[in-house]
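J.: need a structure here:
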Amino acid sequence: MPQPTPFITLFTAPKAFINPHIALIQRNALQSWRHLGDEVEVLMVGNEAGMSELSAELGIRYLPQVKCNELGTPLVSSIFELARQNSTSPLLAYANADILLTPQFIQAARLVSSQMREFLIVGQRWDLDLRQALDFSPGWDTRLLAEVKQRGRLHPPAGSDYFVFPRQCFTELPGFAIGRAGWDNWMFYFARLQKWSVVDATSACIVVHQDHDYSHLPNGQSHYHLPESYSNIRLAGGRRTNFHLEDANWQIRDGQVQPVPLRGKKLLREMEIFPLIHLHSHALSQVLFAIFHPIKAWKEWRGRIAYKFSQLRESHE
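T.: Numbers count the residues shown, from 1 in each chain. You can find the predicted model right below:
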């Protein structure tokens, strides 16, 4: 008997399963996805150490043919393309490989997809320090949510660790490096630019990020200051396209999808980004940014001038 088409395909590009703690939290995350039921298909993209073995152990398909940049970092565009080519579900969802998901996640996706055709579902995460393998016996999700309520920490609304969208959306992406800053902010910006609904699902589903260090990155430093992050920002169109969760224009409240009220800071932000997403004018967006954030704008220009002078000096040495 043929298997029914999954409702949603969850895909990710895990880090290598070498560092014991990274391996532990990624295994926890992937198993939580597998326990969401038959309506969810899980894909691992990449060719990192340990992926083949875990794929066989957990019964998760893995796609090793990912394209990489000159530094060997997988490209977001290739990851998304492979996931789309190897799935048939109406919804696709990228999530970082350290994120735990519960059935609330699927419920939120069903709610939004029943009311909207083109959308992007995002939300804040809860940070939790986990040092052991999770027990996935019946009731695992209830136990996890109770633990989050007891000692979890709601992360500020910056960046995002998951994106849910219909398969006809995000068919082409710039050559962003995965795991570096900038590309996730572009997802918010591009969705708003295309007039898709950006839905904040924070209040409807708890997604859990397992704490970890940055030992997997060069010099153990955060990805925000890596050259590939700066390259991502350039590919995204510059700093003005650095959108975030507060740029969502819809939200799930009390089991309903509702517009985000236009008042206070939200109204000011919508005024600030209006030239960018409605007039497609980067120049006017720079002007409004300087009006709304004069100190930040001055620091940016001062940094650019200093960079130009440093380049000029180097060329004369």
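
J.: going forward, measure contacts between C-alpha atoms and count neighbours the same way
T.: Will do.

J.: Do you have the helices of the chain handy? List them.
T.: 20-34, 51-58, 76-85, 103-113, 140-151, 183-193, 227-236, 264-277, 282-292, 294-316 (DSSP state H).

J.: now the angle from the fifth one to helix 103-113?
T.: Calculated by axes from the mean of the first three to the mean of the last three CA atoms, to 10 degrees, helix 140-151 forms an angle of 100 degrees with helix 103-113.

J.: Same check on the third one?
T.: Counting by the same axes, to 10 degrees, helix 76-85 points 80 degrees away from the direction of helix 103-113.

J.: let's have the chain start at 423 instead
T.: I'll keep to 423 as the first residue from here, and by that count the last item is helix 498-507.

J.: so which of the helices of the chain gets nearest Leu556?
T.: Closest approach to Leu556 among those is made by helix 442-456 (6.1 Å; CA to CA).

J.: Mind listing what's buried along that closest one?
T.: Residues of helix 442-456 classed as buried: 443-456 (neighbour count, 16 or more other CA atoms under 10 Å).

J.: Over to stretch 525-535?
T.: Buried residues in stretch 525-535 (16+ other CA under 10 Å): Gln526, Phe527, Ile528, Ala530, Ala531, Val534, Ser535.

J.: So which residues make contact with stretch 574-589?
T.: By CA atoms under 8 Å, 6 or more residues apart in numbering, the list of residues contacting stretch 574-589 from outside reads 506, 511-518, 521, 531, 539-551, 606-607, 666-668.

J.: what is the mean pLDDT for that stretch?
T.: On average, the pLDDT along stretch 574-589 is 92.

J.: chain center to it: distance?
T.: Between the centre of stretch 574-589 and the centre of its chain there are 6 Å (CA atoms, centre = their mean, to the nearest Å).

J.: could I get that stretch in PDB with only the CA atoms?
T.: The C-alpha coordinates for stretch 574-589 follow below in PDB (Å, rounded to 0.1, in the frame of the first residue of the first chain):
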ATOM      1  CA  GLY A 574      14.200  27.500  29.700                       C
ATOM      2  CA  ARG A 575      14.900  31.000  28.600                       C
ATOM      3  CA  LEU A 576      13.000  32.900  25.800                       C
ATOM      4  CA  HIS A 577      15.600  34.100  23.300                       C
ATOM      5  CA  PRO A 578      15.400  37.700  22.100                       C
ATOM      6  CA  PRO A 579      13.600  38.200  18.800                       C
ATOM      7  CA  ALA A 580      16.800  38.300  16.700                       C
ATOM      8  CA  GLY A 581      17.400  35.900  13.800                       C
ATOM      9  CA  SER A 582      15.400  32.700  13.500                       C
ATOM     10  CA  ASP A 583      16.100  29.000  13.800                       C
ATOM     11  CA  TYR A 584      13.300  27.700  11.600                       C
ATOM     12  CA  PHE A 585      11.400  28.700   8.500                       C
ATOM     13  CA  VAL A 586       8.200  27.100   7.300                       C
ATOM     14  CA  PHE A 587       6.900  27.900   3.800                       C
ATOM     15  CA  PRO A 588       4.900  26.500   0.900                       C
ATOM     16  CA  ARG A 589       7.100  24.700  -1.700                       C
END
